[in-house]
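K.L.:
Just need the structure, nothing else, for what follows:
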Amino acid sequence: MPLELVHIGEDLIEKMLCEISRQRRLAEVACAVSGRTFADDVCAGGLIEPQKFSANKASVCVQTDLGDYACDGAQRIDVLCVGGEHGIAIEAKLGESLMLGDQFRKRFCAPCEASLHPNRRLRGSMIAVLERSFHDDVPKCSKIVCRVGDRTVTLGLGWWLVVRRSVLAQWMKRQDVPVSPQFARVVEFESLLALYGRDRFDALVREVVGEKGFAREWRLGAG
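P.N.:
Presented below is the predicted three-dimensional model:
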């Protein structure tokens with residue numbers, strides 16, 4: 001299978017946002033729907049400097065009035081921004097097919113349900129968790145926290161969704177943005193690329209993917 005953007009998008013977003021933050025340009029990362037900036041959410045969420053970004057490392061726990069619910073074991077936040085004891089979740093959906101509003105809702109926004117595991121656990125998409133979309137069998141959510149190693153971080157109410165420009169254009173044309181304006185901020189991947197620097201992007205991809213021999217790495221030798 002050829003390497004595509006969706007395969008490494010989280011790692012690219014992590015590194016681009018690290019650099020944008022280092023340059024103190026998070027105020028230029030803006031939601032295309034509301035105009036709210038990432039710096040606004042850093043301030044509102046109580047994140048202290050320096051903010052750090054990490055991809056696919058944070059598991060999530062939903063705290064309720066009747067106890068904590070873990071998410072399914074494979075679920076991780078795509079990219080987590082951490083500053084002190086507070087964090088902002090970033091989800092990346094970089095495909096361009098099956099992304100119209102109704103399709104997106106069906107795939108990612110169905111309410112999370114309590115699983116049949118003996119311990120409290122949720123099944124459903126991470127986007128539904130961040131949207132606070134829960135089935136009636138889940139008690140009222142009081143707070144969402146995530147764990148990275150031995151650290152526990154409280155997530156802010158606002159979360160960020162990174163999509164392709166073509167997808168957002170369709171949503172805006174149809175006036176059908178499928179995530180809640182109360183919690184979600186939507187940003188184009190292409191706008192992050194522009195802030196990071198288009199001329200530097202290919203080098204970043206090589207940094208993420210590496211230039212080693214994949215046949216040797218994957219033990220695909222002759223015979």
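K.L.:
which ones are touching the residue nearest to the spatial centre of the chain?
P.N.:
The centroid of the chain falls nearest to residue 91 when counting by Cα atoms, centre = their mean (1.7 Å). By Cβ atoms under 8 Å, 6 or more residues apart in numbering, the contact set of residue 91 is 77-79, 126-127, 130, 159-162. All C-beta atoms are positioned from the backbone trio N, CA, C, and that covers glycine.
K.L.:
Could you rerun that using 6 Å?
P.N.:
The contact partners of residue 91, taken as Cβ atoms under 6 Å, 6 or more residues apart in numbering, are 78, 127, 161.
K.L.:
which SSE is it in?
P.N.:
Residue 91 is part of strand 86-93, with elements assigned from DSSP states H and E.
K.L.:
So which elements touch the helix or strand hosting residue 187?
P.N.:
Of the helices and strands defined by DSSP H and E, residue 187 is found in strand 184-188. For strand 184-188, the helices and strands in contact under the criterion 3 or more Cβ pairs under 6 Å, 6 or more residues apart in numbering; DSSP states H and E are strand 159-163.
K.L.:
any idea of the angle the strand it packs on forms with strand 184-188?
P.N.:
30 degrees (axes from the mean of the first three to the mean of the last three Cα atoms, to 10 degrees).
K.L.:
Which positions within the helix or strand following strand 159-163 qualify as buried?
P.N.:
Sequence-wise, the next helix or strand downstream of strand 159-163 (DSSP H and E) is helix 165-174. By neighbour count with 16 or more other Cβ atoms under 10 Å, helix 165-174 contains the buried residues 167-168, 170-171.
K.L.:
Outside of helix 165-174 itself, list whatever touches it.
P.N.:
Contacts for helix 165-174 (Cβ under 6 Å, 6+ apart): 32, 96, 99, 177, 188, 190.
K.L.:
Chain neighbours aside, what residue packs nearest to the fifth one?
P.N.:
It refers to residue 188. Distances taken as Cβ to Cβ, 6 or more residues apart in numbering place residue 165 nearest to residue 188, at 4.6 Å, with adjacent residues excluded.
K.L.:
Check the gap between the one you found and residue 78 for me.
P.N.:
18 Å (Cβ to Cβ, to the nearest Å).
K.L.:
next one: residue 64
P.N.:
Distance from residue 64 to residue 78, by Cβ to Cβ: 24 Å.
K.L.:
Likewise for residue 124?
P.N.:
Applying Cβ to Cβ, the value for residue 124 to residue 78 is 16 Å.
K.L.:
picking up where we left off before, among residue 64 and residue 78, which residue is more densely surrounded?
P.N.:
Taking neighbours as other Cβ atoms under 10 Å, residue 64 and residue 78 compare with residue 78 leading, 23 against 15.
K.L.:
Can you verify residue 58 is assigned to a strand?
P.N.:
Yes. Counting by DSSP: H, G, I helix; E, B strand; the rest coil, residue 58 is found in a strand.
K.L.:
What residues of the helix or strand just after the strand holding residue 187 count as buried?
P.N.:
Using DSSP H and E, the helix or strand that follows strand 184-188 in sequence is helix 189-196. In terms of neighbour count (16+ other Cβ under 10 Å), helix 189-196 has its buried residues at 189, 191-193, 195-196.
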